[in-house]
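Undergrad: Kindly generate the corresponding structure for this input.
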Amino acid sequence: MTELPLIGEAIAVAAEPRLAGAKIGVVTFPGTLDDRDAIRAVRLAGATAVPLWHADTTLGDVDAVVIPGGFSYGDYLRAGAISRFAPLMTKIIDAATSDAKLPVLGICNGFQILTESHLLPGSMIKNDHLKFMCRDQVLRVENNTTAWTGDYAAGQEITVPLKNQDGQYIADAKTLDALEAEGRVVFRYVGFNPNGSRRDIAGIANAAGNIVGLMPHPEHAVEAGFGPENGSGTEGLGFFTSVLNKIVGDNK
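TA: Predicted structure coming up:
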């Protein structure tokens, strides 16, 4: 893949040179829409982005993986249900659940794929209003101890874009109670629940905190002047710097 130009480089958040050695894989499925945006976010955070194809049989030497948003396989069965069986997903599942605990971030369709893969509990169904929703969305950081949220403060509110049709997070009461009790609700919608998700849940994590899924799109809020009008417009960049700081810290 040719290198993507940093059009907004002059106003991007300056990356730390110590993070440059980290490699973040970004997966593309047929129907993925936001892989290039995720690659751009990784580069702006200071890491090397490694494009990964769904049919690959190896992850290479990446330090973390982003499964970006879109409509993989057109959501023809269920959102993310077909992608779950891609050869690369087998490798991601193995690496994420191994002792190494590879950090994995699933955004929108990526979150759906994580639930279909049983890396995260619950499921995603159509928005309660049965319409596609696109808006800037305020989120509250409920858990800042995961691999992807360490650069945020607990209780911090951030604004990132949201765009989904099958964004309603559901789970049975026992699962929801467990997520709450174990601190695995990572993000919650603030002010407005855009899709009817149970308990205003916008994102969750696994017990180890290396796997995080959320419906809104932090990769669309990484450059001043190009993201949401409210706030700095760069409040999604913390996802990517968080995992880089985690990687660098673990490698010391």
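
Undergrad: switch to C-alpha atoms for all contacts and neighbour counts from now on
TA: Will do.

Undergrad: what comes up buried for stretch 216-228?
TA: 216-224, 227-228 (16 or more other CA atoms under 10 Å).

Undergrad: ok, how many other residues are close to residue 34?
TA: Neighbourhood size, residue 34 [other CA atoms under 10 Å]: 23.

Undergrad: Next one: it from residue 244, what distance?
TA: 20 Å (CA to CA, to the nearest Å).

Undergrad: again, but for residue 23
TA: 9 Å.

Undergrad: just residue 36 next, same as before
TA: Taken as CA to CA, the span from residue 36 to residue 244 is 19 Å.

Undergrad: same check, this time on residue 100
TA: 16 Å.

Undergrad: go on, residue 159?
TA: Residue 159 is 21 Å from residue 244, by CA to CA.

Undergrad: For the stretch 1-150 of the chain, which residues score under the pLDDT cut-off?
TA: 1-20 (pLDDT under 70).

Undergrad: do that again at 50, thanks
TA: 1-14 (pLDDT under 50).

Undergrad: mind checking the SS state of residue 128?
TA: Put simply, residue 128 is coil when judged by DSSP: H, G, I helix; E, B strand; the rest coil.

Undergrad: Can you report how many residues neighbour it?
TA: 14.

Undergrad: What are the phi and psi values at it?
TA: phi -60, psi -20 (degrees, to the nearest 10).

Undergrad: Just to check, it is in contact with residue 195?
TA: Yes: counting by CA atoms under 8 Å, residue 195 is a contact partner of residue 128 at 5.6 Å.

Undergrad: Can you check which residues contact both of these two?
TA: The contact sets of residue 128 and residue 195 overlap at residue 168 (CA atoms under 8 Å, 6 or more residues apart in numbering).

Undergrad: Do a quick rundown of the helices in the stretch 151-252 of the chain.
TA: Under the criterion DSSP state H, counting those that start in this stretch, the stretch 151-252 of the chain carries helices at the ranges 173-181, 237-250.

Undergrad: So which of the ones you listed is nearest residue 138?
TA: helix 237-250 (14.8 Å; CA to CA).

Undergrad: At which residues are the strands of the chain located?
TA: Taking DSSP state E, the strands of the chain run over residues 23-28, 48-53, 64-67, 104-107, 123-125, 133-141, 157-164, 168-170, 185-189, 201-205, 211-214.

Undergrad: Mind checking those strands for the one nearest to residue 80?
TA: strand 123-125 (9.4 Å).

Undergrad: Direction included, what does the closest one pair up with?
TA: strand 168-170 (antiparallel) (DSSP bridges).

Undergrad: any residues touching the partner strand, and which ones?
TA: 122-128, 195-198, 201-202.

Undergrad: Dump the residues you listed into CSV; add distance to residue 180 as well.
TA: Listed next are the contacts of strand 168-170 as CSV, based on distance: CA to CA, whole Å:
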residue, distance to residue 180
122, 13
123, 16
124, 18
125, 21
126, 23
127, 22
128, 22
195, 20
196, 17
197, 14
198, 12
201, 10
202, 13
